[in-house]
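Participant: Got a predicted structure plus its sequence, pasted below:
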Amino acid sequence: MEREILWGIAPIGWRNDDVPEIGAENTLSHLLSDIVVAGFQGTEVGGFFPEAKVLNRELELRNLKIAGQWFSSYIIRDGIEEVSQSFAEHCEFLKEVHASVAVVSEQTYSIQSVEKNVFSEKPHFSDEEWEKLCRGLNELGKIAERYELKLVYHHHMGTGVQTEEEVDRLLANTDPKVVHLLYDTGHIYVSDGNYMTILNKHIDRIKHVHFKDVRKDVLDQCRNDGRSFIQSFLQGLFTVPGDGCIDFTKVYQTLLDARYEGWIVIEAEQDPKVAHPLEYALMARKYIDENLLLVSSK
Ligand SMILES: O=C1C[C@@H](O)[C@H](O)[C@@H](O)C1=O
Ligand SMILES: [Co+2]
């Protein structure tokens, strides 16, 4: 089988699940048609997406695919059994829309959606909580497999699994057969100031990728001012590849060298009133074509 990388772009540039009022005027048809105009093969499911049958029809009309969808787990707060039930329903939906991954992020004690300093007030799990989380993720991973999906864990600013050290701990204590990693360039750069180390170290566990660029001057400002996660992205912390300080050529080459197969999803949350979503999607596409695809085919 030919090795394949699929390129997607997330709805988050048009509408934001963390702040649903942002971009609420952007409809599903608008989003999906913009994705076609910008030349991407698919997207992830946003909180405002309709039931599977309706969504599949809209996707088919545009020849688009679904990569996956975010799932906020509360394994530590609610227990493995309760989360397993809602995760199975989530996977059921993902299977119906022919997705390949279920994106999981543990949200117990998360400050990603509240007005706390995201640079200094992240939560830390106790040893018992780590044990419960990893055991729970192994269970969820098995559920995902039953639906022919891969569970990919999303390390995230403002959560208990944010830093390189925390990613190492999670991967060391979960089953590599069923728990995989979602590598998000923007989150690890903002957290640790480095994005190559976990990529090189955990390349074999990475089964889904988010390409998010970072505006360094905005990052310094937000850190200095002690901004929350939401305030930071509304101020323009994130942008599309090529518009910030991350060198995606190095990242992409590493993925190619490792014969990575799967999705690379552009994910740049910004205020759509400030950063026109289609304009930024086209910028991302141009950067990919000129700096990643052209160069790697030479
Ligand atoms: O994958 C993601 C999903 C969003 O809801 C999240 O806040 C964002 O930062 C992200 O990386
Ligand atoms: Co992400």
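Facilitator: Yep, that arrived. Ligands and ions are numbered 1, 2, ... in the order given.
Participant: What residues does the chain have near ligand 2?
Facilitator: Asp184, His210, Glu267 (C-beta under 5 Å from the ion). C-beta coordinates here come from the backbone N, C-alpha and C atoms, glycine included.
Participant: can I get those in CSV with neighbour count?
Facilitator: Formatted as CSV, the residues of the chain next to ligand 2 follow (neighbours: other C-beta atoms under 10 Å):
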residue, neighbour count
Asp184, 24
His210, 23
Glu267, 25
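Participant: so Ile66 makes contact with Ala99?
Facilitator: Yes: with contact defined as C-beta atoms under 8 Å, Ile66 reaches Ala99; the gap is 4.7 Å.
Participant: what residues are shared contacts of these two?
Facilitator: Overlap of the contact sets of Ile66 and Ala99 (by C-beta atoms under 8 Å, 6 or more residues apart in numbering) consists of Val45.
Participant: which of the residues of the chain next to ligand 2 come close to ligand 1?
Facilitator: Among those, the residues that sit close to ligand 1 (C-beta under 6 Å from any ligand atom) are Asp184, His210, Glu267.
Participant: I'd guessed the last one sits against Asp184; true?
Facilitator: Read it as Glu267. Yes: when contacts are counted by C-beta under 8 Å, Glu267 is listed as touching Asp184 (7.3 Å).
Participant: Show me the common contact partners of those two, please.
Facilitator: Residues touching both Glu267 and Asp184 (C-beta under 8 Å, 6+ apart): His210, Lys212.
Participant: Now do the same contact list for the spatially most central residue of the chain.
Facilitator: The centre of the chain sits closest to His210, judged by C-alpha atoms, centre = their mean, with a distance of 4.9 Å. Under the criterion of C-beta under 8 Å, 6+ apart, the contact list for His210 reads Ala10, His154, Leu182, Tyr183, Asp184, Thr185, Gly186, His187, Val265, Ile266, Glu267.
Participant: rerun that using 10 Å as the cut-off
Facilitator: 8, 10, 12, 44, 103, 152, 154, 182-187, 263-268 (C-beta atoms under 10 Å, 6 or more residues apart in numbering).
Participant: Phi first, then psi, for it.
Facilitator: The phi/psi pair for His210 (degrees, to the nearest 10) reads phi -110, psi 120.
Participant: Do you know the pLDDT at it?
Facilitator: Reading off the per-residue confidence, His210 sits at a pLDDT of 98.
Participant: So which bits of the protein are right by ligand 1?
Facilitator: Going by C-beta under 6 Å from any ligand atom, the residues of the chain near ligand 1 are Ile12, Asp17, Asp18, Trp70, Gln112, His154, Asp184, His187, His210, Glu267, Glu269.
Participant: Now do the buried residues in the one helix or strand Glu139 maps to.
Facilitator: Secondary structure from DSSP states H and E places Glu139 in helix 127-146. Along helix 127-146, these residues count as buried under the neighbour rule (16 or more other C-beta atoms under 10 Å): 129-130, 132-134, 136-141, 143-144.
Participant: Next: stretch 72-80.
Facilitator: When neighbours are counted by 16+ other C-beta under 10 Å, the buried residues of stretch 72-80 are found to be Ser72, Ser73, Tyr74, Ile75, Ile76, Ile80.
Participant: now stretch 222-241
Facilitator: Under 16+ other C-beta under 10 Å, the buried positions of stretch 222-241 are 222-223, 227-230, 232-241.
Participant: Show me the two of those residues that sit farthest apart.
Facilitator: The most widely separated members of the buried residues of stretch 222-241 are Ser228 and Pro241, with 24.6 Å between them, by C-beta to C-beta.
Participant: Ser191 and Lys116, how far apart?
Facilitator: When C-beta to C-beta, to the nearest Å is the yardstick, Ser191 and Lys116 sit 15 Å from each other.
Participant: Phe125 now?
Facilitator: Taken as C-beta to C-beta, the spacing of Phe125 relative to Lys116 amounts to 17 Å.
Participant: quick one, which of these two is more surrounded?
Facilitator: Higher neighbour count among Phe125 and Lys116: Phe125, with 20 against 17, using other C-beta atoms under 10 Å.
Participant: Distance of the more buried one relative to Ile76?
Facilitator: 7 Å.
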